[in-house]
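Q: sequence first, predicted coordinates after that:
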Amino acid sequence: MTESFLRQRRNLFIVNGILFFCYIAQVDISKLTIAGMNFEGFGKPESVFIFLWIGLAYFFYRYLIYFIEDEWQNFKTYLSRELERSVNERLLQIVSNKHHDLNENCLHSYSLMKENDWKLHYQVYLGEGEDRKLDNIILSINRSDIWKEEITGLIRFALFTPAVTNYLLPVLISAYVLIVCGFTNWNGAIF
């Protein structure tokens, strides 16, 4: 992860943590100290919470921008890698059941098959001895033949890659804080 993305992620976690703590502790702000200056007797203490909610929106926006710019490709790489690992074995099994003399080095991957409208390209050897030739085959794959492997790939992606904790967890926590803290009768809620 890039340093700038990590900074946005950290800031988002901090603001979420502050808001969630204030909600759980039912904080009622009567005094605030910023940079050594004390502020007491607020006429509108909810303005501090408004500031925190605006901060959350700002840092969430910044997080999304940096995610798209810096980390989207890494996220897709993790997902693609796990889908390839689980589905490619099944594709090889499907093709091996149809052809016994398969050129395994030319079997296309899950991602290429997906790009080719679920058509798998591969080669088989035809003939014997000196007359042996390669034949290109295109096989339409039914998604129902690979759905279990796709789900396995998604589970592996969620459990065994850092993608969920690095990229999805900040979004999930922000949504949780917004729903739990923002829409209640707490005096720091948005509504």
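A: Nice, I can see it. Numbers count the residues shown, from 1 in each chain.

Q: Ser174 reaches Asn16, doesn't it?
A: Yes: if you go by C-beta atoms under 8 Å, Ser174 and Asn16 touch, sitting 5.9 Å apart. Where C-beta positions appear, they are placed from N, C-alpha and C, glycine not excepted.

Q: now for these two: what residues contact both?
A: Here Ser174 and Asn16 share the contacting residues Leu56, scored by C-beta atoms under 8 Å, 6 or more residues apart in numbering.

Q: residues touching the strand or helix carrying Phe21, excluding its own?
A: Using DSSP states H and E, Phe21 maps to helix 3-24. The contact list for helix 3-24 (C-beta under 8 Å, 6+ apart) reads 1, 27, 49, 52-53, 55-56, 59-60, 62-63, 65-67, 70-71, 166, 170, 173-174, 177, 180-181, 184, 186, 188.

Q: which PyMOL command selects the buried ones in those residues?
A: Applying 16 or more other C-beta atoms under 10 Å to those, the buried members can be selected in PyMOL as follows:
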select buried, resi 27+49+52+53+55+56+59+60+62+63+66+67+70+71+166+170+174+177+181+186+188
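
Q: in this structure, what residue sits furthest out from the centroid?
A: The C-alpha centroid of the chain is most remote from Glu130, which lies 51.2 Å away (C-alpha atoms, centre = their mean).

Q: the nearest residue to Pro170 once chain neighbours are set aside and Val164, how far apart?
A: Nearest non-adjacent residue to Pro170, counting by C-beta to C-beta, 6 or more residues apart in numbering: Leu12, 5.1 Å away. According to C-beta to C-beta, to the nearest Å, Leu12 and Val164 sit 16 Å apart.

Q: now Leu83
A: Computed with C-beta to C-beta, the distance linking Leu83 and Val164 is 15 Å.

Q: now do Leu139
A: Distance, Leu139 to Val164, using C-beta to C-beta: 34 Å.

Q: could you do Ser140 as well?
A: Computed as C-beta to C-beta, the Ser140 to Val164 distance reads 33 Å.

Q: mind jotting down where the helices sit in this protein?
A: 3-24, 46-66, 72-98, 110-115, 147-160, 163, 169-182 (DSSP state H).

Q: among the ones you listed, which is nearest Leu126?
A: Proximity to Leu126 (C-beta to C-beta) singles out helix 72-98 among these, at 13.7 Å.

Q: tell me what that closest one is packed against?
A: helix 110-115, strand 119-126, strand 133-140, helix 147-160, helix 163 (3 or more C-beta pairs under 8 Å, 6 or more residues apart in numbering; DSSP states H and E).
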